[in-house]
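>>> heads up, no residue letters with this:
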């Protein structure tokens, strides 16, 4: 406990957990979707994750930033970029699922993507794509491929 005029010293660390195995570089939206589709397809609620990439497109790590309800997930730029900064990521790809199986983005998905793109520009961490996985249907949607970014 801090004294009356004391300041607490805090420490922030990146903790490694389980591993998704890939040595493949992420060079297209399909690469990102292929990596994350199996991970996200089986959730019964929306889950948003971030793939942190190095300068060559190698995956540094994956971070789940939000787990929501059947049709919504609360996402904050602060949470999205926290692991990216700690990982020294050059760029990111965000991915989330639509448990309904229909990967068409909602208005909120489009607004969030633009907000994260702007935040990334301020931080010097480029948002390369936002990929939506349509549950177990195998359908996918890429903001970059559809030129919405």
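All right, it came through fine. Small disclaimer: the values here were computed from a predicted structure and weren't measured.
>>> from residue 136, how far off is the residue nearest in space to the middle of the chain?
The centroid of the chain falls nearest to residue 50 when counting by C-alpha atoms, centre = their mean (2.1 Å). Per C-beta to C-beta, to the nearest Å, residue 50 is found 22 Å from residue 136. C-betas here are computed from N, CA, C, even on glycine.
>>> what of residue 111?
Distance from residue 111 to residue 136, counting by C-beta to C-beta: 27 Å.
>>> secondary structure class for residue 4?
coil (DSSP: H, G, I helix; E, B strand; the rest coil).
>>> since we're on it, how many residues are nearby?
The number of residues packed near residue 4 is 4, by other C-beta atoms under 10 Å.
>>> again, but for residue 27
Neighbourhood size, residue 27 [other C-beta under 10 Å]: 10.
>>> find the residue closest to it in space, skipping its chain neighbours.
residue 57 (5.6 Å; C-beta to C-beta, 6 or more residues apart in numbering).
>>> list the contacts of that neighbour.
For residue 57, the contacting residues are 25, 26, 27, 91, by C-beta atoms under 8 Å, 6 or more residues apart in numbering.
>>> list the buried ones in the longest helix along the chain?
The residue-count maximum for a helix in the chain (DSSP state H) belongs to helix 107-123. The neighbour-count check on helix 107-123 (16 or more other C-beta atoms under 10 Å) flags 109, 112, 113, 116, 117, 119, 120 as buried.
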